[in-house]
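Peer 1: any chance you can model this:
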Amino acid sequence: MAALSAFAIASVALVMNVFAGDAKPGSVAESIWKDSAELIVGGGAGQLLAALYFYLQRCNLAWMYGQICLTLVPEGHPDGVTTRSATIQADSWSTWVPYRIAFAWLCLGYAMYGMALLNQISPRTEALWNRSPRLAIVTPFAVIALGSLIEWRVLNVFATEDHPWRSAQADPGKLLPRGRKRRRK
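Peer 2: Predicted structure coming up:
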C-alpha cells in the first residue's frame with residue numbers, strides 16, 4: 001500500500017512539474033496546461049484522493065495485523081477477541097473498501113489526464129469541454145463519490161459473502177438502514 005500511495009503522489013508531482021512547472025512557452029505541455037488546466041488539477045486531486053485511500057488501507061491492514069498478534073499472546077486479546085474472529089474480520093470485504101475506492105479515484109485521475117490530452121488533439125472534445133468545464137470536472141467527482149458510497153455500503157453489509165454484489169442484487173433490502181425498510185401496504 002505504501003508503494004501505491006507513493007506512486008499516486010509521485011504521478012501528481014510528475015504531471016504538475018511537466019505541465020505547470022517546466023512547460024516551455026509554445027510547447028505542447030504549455031498548450032495543454034493553458035487549455036485544460038482544470039482537468040490536470042482535477043486529475044491530480046483524484047490521484048491524491050487515491051493516495052489517501054491507499055494509506056487508509058495500509059493503516060487498516062496494520063491494525064488488523066496488530067489485532068491478530070494480540071490474540072496470539074499467552075494472555076490473549078484484551079477484549080477477548082479470538083484469532084478465528086480476527087482473521088474472519090481481516091478476510092472480509094469490508095476490510096478492503098479503502099483499497100477499492102482508491103483504485104476508483106486513481107482511474108478518475110488518469111481519465112482526467114487523458115481528457116486533457118484528448119482536448120488537445122480532438123476539436124470535438126475541446127468544443128464539448130469549452131461548453132461547461134466546471135460540469136466536466138464536478139460530474140466525474142460526484143459519480144466516483146456516489147459509487148464509492150455504494151461500494152462501501154455493499155461491501156460492509158455483505159462483508160463475508162463470496163460475491164457481495166450478487167448478494168446485494170438478490171437482497172437489496174438489506175442495504176437499507178435498519179428501521180427504514182418500506183412497509184407493504
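Peer 1: which other helices and strands contact the biggest helix by length in the chain?
Peer 2: As assigned by DSSP state H, the longest helix anywhere in the chain is helix 28-72. Judged by 3 or more Cβ pairs under 8 Å, 6 or more residues apart in numbering; DSSP states H and E, helix 28-72 is in contact with helix 2-16, helix 83-90, helix 97-121, helix 123-131, helix 133-157. Where C-beta positions appear, they are placed from N, C-alpha and C, glycine not excepted.
Peer 1: which stretch in those has the least confidence?
Peer 2: Of all those, the minimum mean pLDDT falls on helix 123-131 (a mean of 71).
Peer 1: any idea how far D171 is from L61?
Peer 2: 29 Å (Cβ to Cβ, to the nearest Å).
Peer 1: the more surrounded of the two?
Peer 2: L61 (16 against 11; other Cβ atoms under 10 Å).
Peer 1: distance of that one relative to S122?
Peer 2: L61 is 42 Å from S122, by Cβ to Cβ.
Peer 1: how about L56?
Peer 2: L56 sits 36 Å away from S122, going by Cβ to Cβ.
Peer 1: ok, now V154?
Peer 2: Taking Cβ to Cβ, one finds V154 at 36 Å from S122.
Peer 1: check L135 too.
Peer 2: 18 Å.
Peer 1: name the SS class of the closest residue to S92 other than its chain neighbours, please.
Peer 2: Sequence neighbours aside, A159 is the residue nearest to S92 in space, at 3.9 Å (criterion: Cβ to Cβ, 6 or more residues apart in numbering). Put simply, A159 is coil when judged by DSSP: H, G, I helix; E, B strand; the rest coil.
Peer 1: what is the burial count for A159?
Peer 2: Applying other Cβ under 10 Å, we find 17 residues neighbouring A159.
Peer 1: that one contacts D91, doesn't it?
Peer 2: No: using Cβ atoms under 8 Å as the test, A159 is too far from D91 to be in contact (9.3 Å).
Peer 1: now K24: closest residue in space that isn't a chain neighbour?
Peer 2: Nearest non-adjacent residue to K24, counting by Cβ to Cβ, 6+ apart: E30, 6.4 Å away.
Peer 1: test my guess that the one you found contacts A20.
Peer 2: No: with contacts counted by Cβ under 8 Å, E30 stays clear of A20, the gap being 9.6 Å.
Peer 1: any common contacting residues for the two?
Peer 2: Common neighbours of E30 and A20, using Cβ atoms under 8 Å, 6 or more residues apart in numbering, do not exist here.
Peer 1: per-residue pLDDT, S92?
Peer 2: 88.
Peer 1: tell me the spacing between it and T71.
Peer 2: Noted for S92: a distance of 16 Å to T71, by Cβ to Cβ.
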